[in-house]
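Novice: what's the 3D shape of this:
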Amino acid sequence: GVNAQPYYVLQGRDGKVLVPPRGYDLSVPGFVEFLRAGTREYGN
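Specialist: Modelled structure (predicted):
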């Protein structure tokens, strides 16, 4: 039901979504924070 490309979803090994998905956005700092947030959640 999402009409945006790309659509990034970070999942753990169990398939659980780690952080809210992210749609198309050209903000590099925002994307870096999205990846860092996923890394933090994966480590928990």
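
Novice: would you map the helices across the protein?
Specialist: For the chain, applying DSSP state H gives helices covering 28-43.

Novice: show me the shaky parts of it.
Specialist: The model of the chain has pLDDT under 70 over residues 1-4.

Novice: now with 90?
Specialist: For the chain, the stretches with pLDDT under 90 are 1-7, 23-25, 43-44.

Novice: burial count for Glu22?
Specialist: Heads up, residue 22 is Arg, not Glu. 20 (other C-beta atoms under 10 Å). Yep, even glycine has a C-beta here, placed from its N, CA and C like the rest.

Novice: from Gln11, how far off is it?
Specialist: According to C-beta to C-beta, to the nearest Å, Arg22 stands 13 Å off from Gln11.

Novice: next: Pro21.
Specialist: 10 Å.

Novice: could you do Tyr42 as well?
Specialist: Taken as C-beta to C-beta, the span from Tyr42 to Gln11 is 9 Å.

Novice: what is in contact with these two at once?
Specialist: Jointly contacting Tyr42 and Gln11 under the rule C-beta atoms under 8 Å, 6 or more residues apart in numbering are Leu18.

Novice: restricting to C-alpha, output stretch 16-32 in CSV.
Specialist: The C-alpha coordinates for stretch 16-32 follow below in CSV (Å, rounded to 0.1, in the frame of the first residue of the first chain):
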residue,chain,number,x,y,z
LYS,A,16,10.9,-7.5,12.9
VAL,A,17,10.9,-3.9,11.6
LEU,A,18,13.6,-2.1,13.6
VAL,A,19,12.6,1.5,12.8
PRO,A,20,9.8,3.1,10.9
PRO,A,21,10.3,2.7,7.2
ARG,A,22,11.5,5.6,5.1
GLY,A,23,10.3,6.7,1.7
TYR,A,24,12.0,8.7,-1.0
ASP,A,25,13.9,11.7,0.5
LEU,A,26,17.1,13.4,-0.8
SER,A,27,18.3,14.3,2.7
VAL,A,28,21.6,12.6,3.2
PRO,A,29,21.9,13.5,6.9
GLY,A,30,18.3,12.2,7.4
PHE,A,31,19.2,8.9,5.7
VAL,A,32,22.4,8.5,7.7
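
Novice: nice, that's everything, thank you.
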